[in-house]
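K.L.:
Sequence plus predicted model, see below.
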Amino acid sequence: MRVGGRPFERWAASVLADLPPLVGAPLHLDIQPGLTSSGGRLFSNQPHRGRAVYAASFIRKREIVLEEELPTEGGLLPAILLHELFHFAWVRAGNEVRRNYEALLREELTGGARAEIGESSEVSKGRLHGQENPSNWKHYVCESFCDTAAWHFSPKSSGPIRLAARWRRKRAAWFREWAARIDGGVRL
Ligand SMILES: [Zn+2]
């Protein structure tokens, strides 16, 4: 399998080497060209349907779909793969961990933190508009967790980061603590 013209196994192995052990039932990976998404559905080579996406995860099907033509420069590929993997980790992290991460983000917002650590979280943060729409908020917290995990475990793979350093340090501390308390590996 190739992504962005490069063998998938080669770069995936180096990305996964930076992570704590991952545990859980196998995940299925699919690589398709021309991915677009609309209303929770994913399409390949149907450019008129939905908007272009780099990847998508289907939690119940335990499936990750990656865009075949992902650009390989700038560490985008690893960041996207890690982001998708952590969608599975978020679901299995447990309520206490999720509430704890949510509290961290509330503290940031109260403190006036702008921007985020990745594209997905930045877009979903922009949709909050300072309002407490529960589904927008839930979506934002999840995207933020996935982007921050990708950055934390593989800093060289992330794209431009606009969240201020003082908030980044708190995120890194949160993930260090989380990783230290994980028993037997990250459950996916
Ligand atoms: Zn996401």
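P.N.:
Alright, I've got the coordinates.
K.L.:
List the residues that contact the closest residue in space to residue 68 that isn't next to it in sequence.
P.N.:
Spatially, and ignoring its direct neighbours in sequence, residue 68 is nearest to residue 33 (4.3 Å; Cβ to Cβ, 6 or more residues apart in numbering). C-betas here are computed from N, CA, C, even on glycine. Neighbour list for residue 33: 44-45, 67-69 [criterion: Cβ atoms under 8 Å, 6 or more residues apart in numbering].
K.L.:
Could you list every helix and strand that the helix ranked longest in the chain packs against?
P.N.:
If you go by DSSP state H, the chain has its longest helix at helix 134-153. Packing partners of helix 134-153 (3 or more Cβ pairs under 8 Å, 6 or more residues apart in numbering; DSSP states H and E): helix 76-92, helix 95-110, helix 119-126, helix 165-181.
K.L.:
Tell me how far the residue nearest to residue 68 lies from residue 120.
P.N.:
21 Å (Cβ to Cβ, to the nearest Å).
K.L.:
And the nearest residue to residue 5 once chain neighbours are set aside, how close does it get to the ion?
P.N.:
Among residues not flanking residue 5 along the chain, residue 72 sits closest, at 6.9 Å (Cβ to Cβ, 6+ apart). Separation of residue 72 from the ion (Cβ to the ion, to the nearest Å) stands at 20 Å.
K.L.:
Count the residues that sit near the residue found closest to residue 174 once you drop the neighbours it is linked to in the chain.
P.N.:
Nearest non-adjacent residue to residue 174, counting by Cβ to Cβ, 6+ apart: residue 104, 5.5 Å away. Look at residue 104: counted by other Cβ atoms under 10 Å, it has 18 neighbours.
K.L.:
what's near enough to touch residue 139?
P.N.:
Contacts of residue 139 by Cβ under 8 Å, 6+ apart are 124, 127.
K.L.:
now residue 91
P.N.:
Counted by Cβ under 8 Å, 6+ apart, residue 91 has contacts residue 59.
K.L.:
That one and residue 186, how far apart?
P.N.:
Plainly put, residue 91 is 12 Å away from residue 186 if you go by Cβ to Cβ.
K.L.:
still on that earlier bit, buried ones from the contacts of residue 33, can you make that a PyMOL selection?
P.N.:
The following PyMOL line selects those of these that are buried, judged by 16 or more other Cβ atoms under 10 Å:
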select buried, resi 67+68
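K.L.:
Which of the contacts of residue 33 fall within strands?
P.N.:
Residues of the contacts of residue 33 located in strands (DSSP state E): 44, 67.
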